[in-house]
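Undergrad: what follows is a protein structure lacking sequence information:
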């Protein structure tokens with residue numbers, strides 16, 4: 001090795017060492033600013049996402065690959081589901097582990113932003129600032145502080161890793177292994193989150209960039225051919241798996257809830273204008289993340305109704321400005337790449353190309369913000385000297401400090417369901433979903449009056465929402481207000497005659513008021529809608545029992561148990577009906593199963609009584625003794641000798 005080659009090798013090693021040291025510092029900062037989210041609990045969305053993964057064994061990849069993700073029939077994120085499945089197998093539902101993985105993942109993504117920026121030719125200081133800005137940006141709160149944001153963190157990390165490895169291959173450093181590694185990371189990114197599909201465009205674009213000069217022509221042709229084949233195979237394979245799991249590639253517009261995305265059902269021109277308005281809002285949140293919200297659903301963010309609306313005008317102006325900026329960045333390959341990175345990665349979630357199931361979420365900006373932060377760092381550190389350099393440095397320091405304080409405060413938004421819901425209502429008071437979320441949080445802790453107030457506020461925004469009206473009826477039912485509950489449930493059926501839960505609850509309320517004939521009628525309607533659901537057969541059984549049609553009641557409860565073996569209400573109904581039919585053996589069997597799965601004082605009473613009436617006094621005494629230990633204050637189980645007394 002010549003002296004020149006030796007010096008070049010030492011220089012390259014020093015260059016990489018400095019890059020890795022900088023990336024480690026960026027990662028440490030990212031971890032520090034999001035560390036207080038480690039104390040957060042799990043929200044309803046988190047629980048749904050985790051449960052979707054936990055439904056499968058982490059080694060059952062076939063089941064994970066061929067099933068929807070996150071409890072949503074329109075979402076396909078099998079790699080994210082696998083991480084949840086693996087974690088659930090390790091530590092169950094404890095929140096800390098899920099949040100720790102998110103925070104560590106974000107730290108890794110921030111480090112990769114700095115490394116990729118450096119690999120694409122930015123100075124060490126500029127690359128470091130890009131990573132730091134990404135690490136502390138407040139708009140990342142929803143992605144990092146909520147466990148359900150895992151998908152975008154995984155997708156961003158794998159996307160950046162894929163681009164970094166592709167860059168290493170382009171530099172001539174073991175081109176084929178690094179190209180294959182880049183393709184593998186690209187495939188996993190797509191399986192983590194749909195937004196990563198932008199890699200199928202970004203990888204070839206990055207392949208055209210030259211920072212240190214082109215590699216030998218022969219290697220270049222082999223690598224480019226290999227990369228092209230890999231991208232084509234990944235794209236076709238991903239689309240095939242997605243279609244196999246969901247039954248479609250894109251959710252039909254009529255299957256998208258209006259409250260979640262009012263633009264989905266709008267005419268194409270209005271959907272386009274709405275998408276541009278949301279684009280303007282997204283860019284503003286990246287520039288000035290001061291009015292952030294965990295909710296952007298209807299009516300906080302309605303569809304545009306006219307091109308003359310201020311939001312539509314802002315969207316058109318933003319689109320024109322972005323188009324005008326394109327020729328400027330075109331002359332600078334690195335700036336062009338990050339500009340394309342930001343815009344293209346936002347494209348799949350913009351509602352401009354096709355409607356998606358959500359009009360906007362801040363986590364949609366996680367991947368695009370990497371490009372934004374790199375561009376912002378390039379602008380801030382462009383002045384070489386003088387007062388402009390000092391002013392830019394001051395702005396950069398101010399942004400980092402201000403954003404760090406803001407993100408630590410915002411992390412606590414996802415501390416628990418109530419804090420999240422209260423934050424949603426405070427930031428989006430005109431959102432029906434926000435008020436409904438707060439109502440559900442209040443209802444879960446027994447604050448029924450507060451829950452009713454919030455549900456009614458939500459209904460004032462979306463008065464034809466059958467689900468919200470049903471929730472109001474449930475509260476009345478729970479509080480024993482039968483007439484009010486029946487009135488509300490009938491109102492639900494006026495909005496949607498096929499609303500299955502309303503028929504079930506109408507039957508249950510009627511049965512509780514000894515109005516068994518209308519209860520039976522409602523149960524029959526429910527069964528006609530969903531004969532495969534056990535609840536309809538259960539309420540039918542109780543109605544028939546009230547009408548003293550005991551054989552039919554027994555058959556209804558048995559059908560419910562056929563559909564759901566171990567269903568507690570079906571076992572209770574079957575046991576009670578068997579006692580009334582004088583079949584104490586069947587009654588004992590039903591109560592035995594209930595004692596094993598859903599023990600209560602009433603269940604133990606039923607079992608003791610069944611044993612006594614069947615002449616099984618020793619079993620009755622044994623169960624009475626066990627019940628006395630479990631319920632020492634219940635006078636029915638005063639002592640084992642209680643089994644010797646008659647029970648009427």
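TA: On my side now, so go ahead. Please read all numbers here as calculations on a predicted model, not as lab measurements.
Undergrad: flag the shaky bits of the stretch 1-150 of the chain, pLDDT-wise.
TA: Per-residue confidence for the stretch 1-150 of the chain (pLDDT under 70) gives these ranges: 1-14.
Undergrad: how about the strands in it?
TA: In the stretch 1-150 of the chain, no segments count as strands under DSSP state E, counting those that start in this stretch.
Undergrad: pretty sure residue 590 is touching residue 571, no?
TA: Yes - using CB atoms under 8 Å, residue 590 is in contact with residue 571, at 4.9 Å. For the C-beta atoms, the positions are set from N, CA and C on the backbone; glycine is no exception.
Undergrad: distance of residue 538 relative to residue 44?
TA: From residue 538 across to residue 44, the span is 26 Å (CB to CB, to the nearest Å).
Undergrad: ok, these two, which is more surrounded?
TA: Neighbour totals were compared for residue 538 and residue 44, and residue 538 leads with 30 against 15 (other CB atoms under 10 Å).
Undergrad: what residues does that one make contact with?
TA: By CB atoms under 8 Å, 6 or more residues apart in numbering, residue 538 lies in contact with 556-557, 560, 567, 569-570, 573.
Undergrad: next, count neighbours for residue 484.
TA: Residue 484 has 16 nearby residues by other CB under 10 Å.
Undergrad: nearest spatial neighbour of it, skipping sequence neighbours?
TA: residue 476 (4.2 Å; CB to CB, 6 or more residues apart in numbering).
Undergrad: again, but for residue 626
TA: Residue 626's closest residue in space is residue 604 (CB to CB, 6+ apart), at 7.8 Å.
Undergrad: for the one you found, give me its contacts.
TA: 595, 623, 626-627, 630-631, 637.
Undergrad: try residue 567
TA: By CB under 8 Å, 6+ apart, the contact set of residue 567 is 534, 538, 560-561.
Undergrad: most neighbours, which of these?
TA: Neighbour max across the contacts of residue 567 (other CB under 10 Å) = residue 538, 30 neighbours.
Undergrad: how close does it get to residue 553?
TA: Residue 538 is 10 Å from residue 553, by CB to CB.
Undergrad: anything in contact with each of those two?
TA: Joint contacts of residue 538 and residue 553 (CB under 8 Å, 6+ apart) are residue 573.
Undergrad: run through the stretch 401-550 of the chain and note the low-pLDDT ranges.
TA: In the stretch 401-550 of the chain, no residues with pLDDT under 70.
Undergrad: please enumerate the helices of it.
TA: Using DSSP state H, counting those that start in this stretch, the helices found in the stretch 401-550 of the chain span residues 417-427, 432-444, 448-461, 466-478, 482-495, 500-512, 516-529, 534-546, 550-563.
Undergrad: and those, which is most packed in?
TA: Comparing the helices of the stretch 401-550 of the chain by mean neighbour count (mean count of other CB atoms under 10 Å), helix 534-546 comes out on top with a mean of 26.
Undergrad: next one: the residue nearest to residue 484 from residue 449, what distance?
TA: Residue 476 is 12 Å from residue 449, by CB to CB.
Undergrad: also residue 175?
TA: Residue 175 is 68 Å from residue 449, by CB to CB.
Undergrad: returning to what we had before: any chance of the contacts of residue 567 in JSON lines, plus distance to residue 133?
TA: Formatted as JSON lines, the contacts of residue 567 follow (distance: CB to CB, whole Å):
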{"residue": "534", "distance to residue 133": "54"}
{"residue": "538", "distance to residue 133": "57"}
{"residue": "560", "distance to residue 133": "58"}
{"residue": "561", "distance to residue 133": "59"}
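Undergrad: of the residues you listed, closest to residue 488?
TA: For the contacts of residue 567, the closest approach to residue 488 (CB to CB) belongs to residue 538, at 21.5 Å.
Undergrad: thinking again about what came up before, figure out the helix or strand that the residue nearest to residue 626 lives in.
TA: helix 601-613 (DSSP states H and E).
Undergrad: how about residue 82, what does it touch?
TA: Counted by CB under 8 Å, 6+ apart, residue 82 has contacts 53, 58, 61, 64.
Undergrad: could you list every residue that touches the most centrally placed residue in the chain?
TA: Note on the chain: the residue nearest the mean C-alpha position is residue 148, at 4.2 Å, using CA atoms, centre = their mean. Neighbouring residues of residue 148 by CB under 8 Å, 6+ apart: 43, 45-46, 48-49, 70.
Undergrad: for ChimeraX, what selects the buried ones among the residues you listed?
TA: Buried subset of these, written as a ChimeraX selection, criterion 16 or more other CB atoms under 10 Å:
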select :43,45,46,49,70
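Undergrad: make JSON lines from the contacts of residue 148 and add distance to residue 202 to it.
TA: Shown next, in JSON lines, are the contacts of residue 148 (distance: CB to CB, whole Å):
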{"residue": "43", "distance to residue 202": "32"}
{"residue": "45", "distance to residue 202": "29"}
{"residue": "46", "distance to residue 202": "30"}
{"residue": "48", "distance to residue 202": "31"}
{"residue": "49", "distance to residue 202": "26"}
{"residue": "70", "distance to residue 202": "25"}
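Undergrad: which residues are in contact with stretch 279-288?
TA: 137, 139, 291-292, 301, 311, 314-315, 317-319, 346, 350, 352, 360, 362, 364-365, 368-369, 372.
Undergrad: quick one, what contacts residue 28?
TA: Residue 28 touches residue 107, counting by CB under 8 Å, 6+ apart.
Undergrad: an error on my part: the question was meant for residue 510.
TA: Taking CB under 8 Å, 6+ apart, one finds 486, 516, 518-519, 522, 543 in contact with residue 510.
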